[in-house]
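Asks: I need the structure of the sequence given here:
(chains A and B)
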Protein chains: 2
Amino acid sequence: MTTPNFSEKDTAYMAHAIELAKKGRFTTTPNPNVGCVIVANDMIVGEGFHFKAGEPHAEVHALAMADTKAINATCYVTLEPCSHFGRTPPCAMALTKAGVRRVVIAMVDPNPIVAGRGIAILEEAGILVEIGLLGDQAKALNLGFIKRMQTQTARVTVKMASSLDGKTALKNGLSQWITGPKARIDVQYFRALQSAIVTGSGTVLSDDPSLNVRFSELTQATGFDDQINESELRQPIRIILDSHNKLTLNEKLFNLAGKVVLVTLSPRDDLHSLACIAEVEQIIGKNDGHGRIDLQDLLAQLNRYEINDLWVEAGAKLAGEFFKQQLVDQFILYQAPKLMGDQARNLVNLPNYSKMDEVVQLALKEVTLIGDDIRIISDRD
Amino acid sequence: MTTPNFSEKDTAYMAHAIELAKKGRFTTTPNPNVGCVIVANDMIVGEGFHFKAGEPHAEVHALAMADTKAINATCYVTLEPCSHFGRTPPCAMALTKAGVRRVVIAMVDPNPIVAGRGIAILEEAGILVEIGLLGDQAKALNLGFIKRMQTQTARVTVKMASSLDGKTALKNGLSQWITGPKARIDVQYFRALQSAIVTGSGTVLSDDPSLNVRFSELTQATGFDDQINESELRQPIRIILDSHNKLTLNEKLFNLAGKVVLVTLSPRDDLHSLACIAEVEQIIGKNDGHGRIDLQDLLAQLNRYEINDLWVEAGAKLAGEFFKQQLVDQFILYQAPKLMGDQARNLVNLPNYSKMDEVVQLALKEVTLIGDDIRIISDRD
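Replies: The predicted structure is shown next:
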């Protein structure tokens, strides 16, 4: 490994690899988004990205395209090439075999157990390896994957919609619609990026949501670029918290195709006798001592589903609990330019704080107008 | 009056006149902001703006600078020249006397009683008058003045600060500080633009505010441009609603120099026996039938103070009442990236609406990051 000294051309090729990686953003989970560009004599001779688990890695696509032009070429890849024998031999070995001279890597593998192994394979073969070019952009491609690799829990995004005075429904429960159609389409875009969506039985009972991605709306979203067609659309796993077994499983979301994980505090024996269209699995949560599902235990249990990005679309109680326990990595709030008043329903339930420095503090990341509404994205402070 | 056909040069000169007009924005109230540019042979030979009531109008400054170069020149002025004899003869007459050949006017006088009279004086003297160049920008200079001229009531802006979940204080009343120092400095900038500031006795008793403009903070604000020095700083009239005579007049704001209008439902005889530093006047409001001060009547009564821009910096009840009665022209909300929870205090008290189309609907005008906070400006929808 040498001290990197990247040229403008290096940067442009890596930026292209990052753009390629983004094309997999709707489909790669639980795998990371990766893009690869192979350059010989200042020409791109191969490029590719990872589309879906079970399909070839980005480097494999790029090498196939480059063929013998890969000899003495430079390979730009957004993530350290893999070192493990999976469905295919390790990519680090494939690059070695193809005869590339130099490999530029945006970021090392976030999994501490294997980090550096791909690099070692390349260097042992005498390949010049340079690391860190556009590293922050590469990390931004895979925030959920990185978090899961490093902590064995998903990256948690809470999404809510409210009026300017932080109200989510009238006192009588009416909430359709607070935000406008463009904001609701934008939600479809974000949902399509998630590995799983969490909600609670209260929301299921009051709104009877589908919690799926509607392709016809997704295609209208800003940022959608026709990368996938309807048959390639992946539905996030729906995770439903029902601590008091209130759901009948006749609710709409149980009768739409896709996977549903029902989280309860006690086993339900009637699961297999109920004829749901969804593929329903049950996991038993830990009682948090107040008759609710312990969220930290839940996040740990959910690791079995290899969830990179977990999207919480819940009511004031469950969302508030995620915030209170500091489990939220990102908060996306759609705000409509409305005032609903003190009697309307609150955004999040939180303890009765007695000092200003106890409240939930976030860091603004991005504020954007979406139609007639505002989208405020903030991160953990 | 001819059908206007403005050139690029015309537009540039009028844009300059508008920039000049803005220089009076802290000081002209109750007069409008006006800028004037006189051009001869493609050269600016005179320019000026109105600084303060009692001082010369923009045209007078520009004509004085142009002197004999005004003969056959073109005059660009952001507002129809006045036609009334005040401290000085009408500007329309001064332009006529100076021998200008053409007058370009961005907007006619908003006062329906005198609108067109200045133009008539010019046209009768054989001057070419053209109207409407950058009219929208000219109107934006004087939204409060225009509203007062047309409706005999001030333009009302409600300003509030909250967390993302619309909370203004903890349950125990603590609110310092929700927003950061840059947002608080920004408030000083907006306050300095106002003719008057309204609040209620509840806010006075709980926060003991000064409700004045602090020059040292104003000078740090984005948008402040050293146009005024500390001795030229004008303090908005402070208007305090005290329907139940709860105030002792020992509160801080009564002991800072400047004018205070105390609005009560019954006369207070002790006013002149109390030694306040502020110049306190009393007006008697109309009972709205619920023991509160009728706000529409108040706005009508306040017309005697020639208030163009009225800034409401009040609590949930009084601010809510302005919204409920549709008296708000503009809403400025500073939002901190915090969540304070359901038990914290609400932004605005409003009726228990039973349908979504009954809630207060606003129209977003501008969303800006101010330090670590968001400033959301919305208009009446």
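Asks: what's the pLDDT at A:Ser206?
Replies: pLDDT, the model's per-residue confidence, is 91 for A:Ser206.
Asks: could you say which helix or strand holds it?
Replies: Remark: A:Ser206 resides in helix A:201-207, with elements defined by DSSP states H and E.
Asks: for that helix, buried residues please.
Replies: A:Ser201, A:Gly202, A:Thr203, A:Val204, A:Asp207 (16 or more other Cβ atoms under 10 Å in any protein chain shown). Bear in mind the C-beta positions are built from the backbone N, C-alpha and C, glycine included.
Asks: what's downstream of that helix, the next helix or strand?
Replies: The first helix or strand that comes after helix A:201-207 along the chain, using DSSP H and E, is helix A:215-218.
Asks: residues in contact with that next one?
Replies: Contacts of helix A:215-218 with the rest of the structure, by Cβ atoms under 8 Å, 6 or more residues apart in numbering or on different chains, involve A:Arg184, A:Ile185, A:Gln188, A:Tyr189, A:Ala192, A:Phe224, A:Glu230, A:Leu233.
Asks: what residues does the stretch 201-350 of chain A have near chain B?
Replies: A:316, A:320, A:323, A:331, A:333, A:335, A:337-344, A:346-350 (Cβ under 8 Å from any Cβ of the partner chain).
Asks: so which bits of the strand ranked longest in chain A are buried?
Replies: Ranked by residue count under DSSP state E, the longest strand found in chain A is strand A:360-370. Neighbour-count burial for strand A:360-370, with 16+ other Cβ under 10 Å as criterion, is recorded at A:Val360, A:Gln361, A:Leu362, A:Leu364, A:Val367, A:Ile370.
Asks: check stretch A:29-38 too.
Replies: Residues of stretch A:29-38 classed as buried by neighbour count (16+ other Cβ under 10 Å): A:Thr29, A:Asn31, A:Pro32, A:Asn33, A:Val34, A:Gly35, A:Cys36, A:Val37, A:Ile38.
Asks: which residue ranges of chain A form helices?
Replies: Per DSSP state H, chain A has helices spanning A:8-22, A:58-66, A:91-98, A:117-124, A:135-141, A:143-151, A:181-193, A:201-207, A:215-218, A:295-301, A:316-324. These are given in chain order.
Asks: what mean pLDDT does the third one get?
Replies: When the per-residue pLDDT values of helix A:91-98 are averaged, the result is 96.
Asks: distance from that helix to the middle of the chain?
Replies: Per Cα atoms, centre = their mean, to the nearest Å, the displacement of helix A:91-98 from the mean C-alpha position of its chain is 29 Å.
Asks: hmm, back to that, could I get the helices of chain A as a markdown table with distance to B:Tyr13?
Replies: Rendered in a markdown table, the data for the helices of chain A read as follows (distance: least, Cβ to Cβ, whole Å):
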| stretch | distance to B:Tyr13 |
| --- | --- |
| helix A:8-22 | 44 |
| helix A:58-66 | 59 |
| helix A:91-98 | 65 |
| helix A:117-124 | 65 |
| helix A:135-141 | 47 |
| helix A:143-151 | 53 |
| helix A:181-193 | 40 |
| helix A:201-207 | 58 |
| helix A:215-218 | 50 |
| helix A:295-301 | 64 |
| helix A:316-324 | 55 |
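Asks: derive a PyMOL selection command for the buried subset of the residues of the stretch 201-350 of chain A next to chain B.
Replies: In PyMOL, this line selects whichever of those come out buried by 16+ other Cβ under 10 Å:
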select buried, chain A and resi 316+320+323+331+333+335+337+338+339+340+341+342+344+346+347+348+349+350
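Asks: and A:His292, how far from A:Val263?
Replies: Just to correct that, residue A:292 is Arg rather than His. As for A:Arg292, its distance to A:Val263 is 11 Å (criterion: Cβ to Cβ, to the nearest Å).
Asks: okay, these two: which has more neighbours?
Replies: Legend: neighbour count by other Cβ atoms under 10 Å in any protein chain shown for A:Arg292 and A:Val263, higher for A:Val263 (21 against 18).
Asks: so the spatially most central residue of chain A bridges to which residues?
Replies: By Cα atoms, centre = their mean, chain A has its centre lying nearest to A:Asp309, at 3.1 Å. The bridge-partner assignment for A:Asp309, based on DSSP bridges, gives A:Arg155.
Asks: next up, the contacts around it.
Replies: Contacts for A:Asp309 were tallied using Cβ under 8 Å, 6+ apart; they are A:Thr29, A:Leu143, A:Gly144, A:Ala154, A:Arg155, A:Thr157, A:Leu193, A:Gln194, A:Ser195, A:Ala196.
Asks: and the gap between the residue in the stretch 151-300 of chain A that chain B sits nearest to and B:Glu124?
Replies: Taking Cβ to the nearest Cβ as the measure, the stretch 151-300 of chain A has A:Gly166 as its residue closest to chain B, at 2.7 Å. Relative to B:Glu124, A:Gly166 is positioned 59 Å away (criterion: Cβ to Cβ).
Asks: so which of these two has more stuff around it?
Replies: A:Gly166 (29 against 10).
Asks: which residues touch the closest residue in space to the more buried one that isn't next to it in sequence?
Replies: Of all residues not flanking A:Gly166 in the chain, B:Gly166 sits nearest, at 2.7 Å (Cβ to Cβ, 6 or more residues apart in numbering or on different chains). B:Gly166 is in contact with A:Ser162, A:Ser163, A:Leu164, A:Asp165, A:Gly166, A:Lys167, A:Leu347, B:Asn346, B:Leu347, counting by Cβ under 8 Å, 6+ apart.
Asks: from the contacts of helix A:215-218, which is closest to A:Val108?
Replies: Nearest to A:Val108 among these: A:Ala192, at 28.3 Å, using Cβ to Cβ.
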